[in-house]
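**Student:** The following block contains a protein sequence and its predicted model.
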Amino acid sequence: MKTIWNHRSGLIEFAEQPEPALQSADDVKIKVIYSTIGIQDLRLKRQWDFYSKEGIAGYEMAGIIVATGSSAQKAGWQVGQPVSGTVVQFCGKCPACKQQQEQNCMQLRVKSGTLCPYIVWKTDQLVHLPANVSLATGCLLEPVAVVKMAYDKLQVNDADRICIFGGDFNGLILLQLIKRYTQAVVVVVENKTENKLLAQKFGADQIIDPLTDNLATELLKRSDFIGFNKTVLTTSKYPALISVAINTTARGGLFLTTVYFDRQQSIAVNSIKFFAMNLTIMSSFLYTKKVLHQTATLLAQLDLNSLIRREFSFSAALNAYKVEQEQLYPRIGIRVNDPDQLT
Ligand SMILES: [Zn+2]
């Protein structure tokens, strides 16, 4: 079968690979109908990155089950069902997994990617898609789960004043979650026109350009010189935003990052300020299995269609990568297979 292959060198091209087959009782074979690529796929080019690996590209998919192993079938996975899931496989045996804190799994593995006509995944990587969720929307289960996990950690309440640094996919989903479930005030720091329009649509109270002179002062002004009690970094484009975000976090506030930078980049904060301000610094990486499954019912409540700004056929997927380099769109859709041809 034809796949999009990611070489160690960063080169992405079509490559012929054997079609995968069921190998164990808990395997499920899926015909991939829809996949998406986003900025995170560019990390394939970063050699130091723990996510970087040689193999089939793509992290996100929705598809239809075409074959199941015997135990998978007993567990309710049936041919014809629509599914999404995660390319990450948690070990299930380490102390973190046993405590249902799979995001801290000590032996998690990133399995073969999703930009190919067929994949074989384990049942514990899969999530059933509800009937009211399209395959294009369902494809975004995994990245939305990443944001839901961060949202849960933020414990947002109606009185919160929040600043989200970055209005790409993660920032825009977080904005939607906050505005849907709380009365919190949200300022978004973003400069791309498309993303600013989306932030406006999703109810951002203010949008500020990250390249504004004296950004930190500007943000303090907008928070009555108190600072925001929650600041969230969701873009890895500007490392300088780490200190801006921490410096604009109010006394007793929380700084959370969903991104990381290169090996040399530290998160530095003056120790007296950190101590005297009662700050909490937190990261959010991946999700628990529980959050991944909860996200399936959340999908229909969010505006995800607006985030897939371009769509390409599988045969044009290399062009999609070129377009993605420009980092203009939260997500780009790839139609991998025709859903009406299920064999
Ligand atoms: Zn584990």
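**Tutor:** Nice, I can see it.
**Student:** which of the residues in the helix or strand that contains Glu142 are buried?
**Tutor:** Using DSSP states H and E, the element containing Glu142 is helix 141-154. For helix 141-154, a neighbour-count test (16 or more other CB atoms under 10 Å) marks 141-152, 154 as buried. Where you see a C-beta, it was placed from the backbone N, CA and C, and this is true even at glycine.
**Student:** which of the residues you listed lies closest to the ion?
**Tutor:** Met149 (16.1 Å; CB to the ion).
**Student:** Thought Ser284 was touching the closest one, still the case?
**Tutor:** Yes. Here Met149 reaches Ser284: they are 5.5 Å apart, a contact under CB atoms under 8 Å.
**Student:** what are the phi and psi angles of Val244?
**Tutor:** phi -60, psi -40 (degrees, to the nearest 10).
**Student:** if I read this right, it contacts Cys163, doesn't it?
**Tutor:** No. Applying CB under 8 Å as the test, Val244 and Cys163 come out as separate, 9.3 Å apart.
**Student:** shared neighbours of these two, anything?
**Tutor:** Each of Leu219 lies in contact with both Val244 and Cys163 under the rule CB atoms under 8 Å, 6 or more residues apart in numbering.
**Student:** Show me which of these two is the more surrounded one.
**Tutor:** Neighbours per residue, other CB atoms under 10 Å: of Val244 and Cys163, the larger number sits with Cys163, 27 against 21.
**Student:** and that one, what are its bridge partners?
**Tutor:** Beta bridges link Cys163 to Val187, Thr231, judged by DSSP bridges.
**Student:** List the contacts of it.
**Tutor:** Val186, Val187, Val188, Val189, Leu219, Ser223, Phe228, Lys230, Thr231, Val232, Ala245, Thr248.
**Student:** For the last one, which non-adjacent residue is closest in space?
**Tutor:** Among residues not flanking Thr248 along the chain, Leu219 sits closest, at 4.4 Å (CB to CB, 6 or more residues apart in numbering).
**Student:** so that neighbour sits in a helix?
**Tutor:** Yes. Counting by DSSP: H, G, I helix; E, B strand; the rest coil, Leu219 falls inside a helix.
**Student:** can you count the residues close to it?
**Tutor:** 23.
**Student:** Just the pLDDT for the residue of the stretch 101-250 of the chain found nearest the ion.
**Tutor:** Closest approach between the stretch 101-250 of the chain and the ion, counting by CB to the ion: Cys105, at 3.2 Å. Reading off the confidence values, Cys105 has pLDDT 94.
**Student:** about what we covered before: CA atoms only for the helix holding Glu142, dumped as CSV, please.
**Tutor:** What follows is helix 141-154, C-alpha atoms only, in CSV (Å, rounded to 0.1, in the frame of the first residue of the first chain):
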residue,chain,number,x,y,z
LEU,A,141,-10.2,13.2,19.0
GLU,A,142,-6.6,12.8,20.0
PRO,A,143,-5.5,16.5,19.7
VAL,A,144,-8.7,17.6,21.4
ALA,A,145,-8.0,15.1,24.3
VAL,A,146,-4.6,16.8,24.7
VAL,A,147,-6.4,20.1,25.3
LYS,A,148,-9.2,18.7,27.4
MET,A,149,-6.5,17.3,29.8
ALA,A,150,-4.9,20.8,30.0
TYR,A,151,-8.4,22.3,30.6
ASP,A,152,-9.1,19.8,33.4
LYS,A,153,-5.8,20.7,35.0
LEU,A,154,-6.6,24.4,34.9
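**Student:** Against Pro239, how distant is the residue sitting nearest the centre point of the chain?
**Tutor:** Centroid check for the chain by CA atoms, centre = their mean gives Pro143 as the closest residue, at 2.7 Å. As for Pro143, its distance to Pro239 is 22 Å (criterion: CB to CB, to the nearest Å).
**Student:** In three-state terms, how would Ile119 be classified?
**Tutor:** strand.
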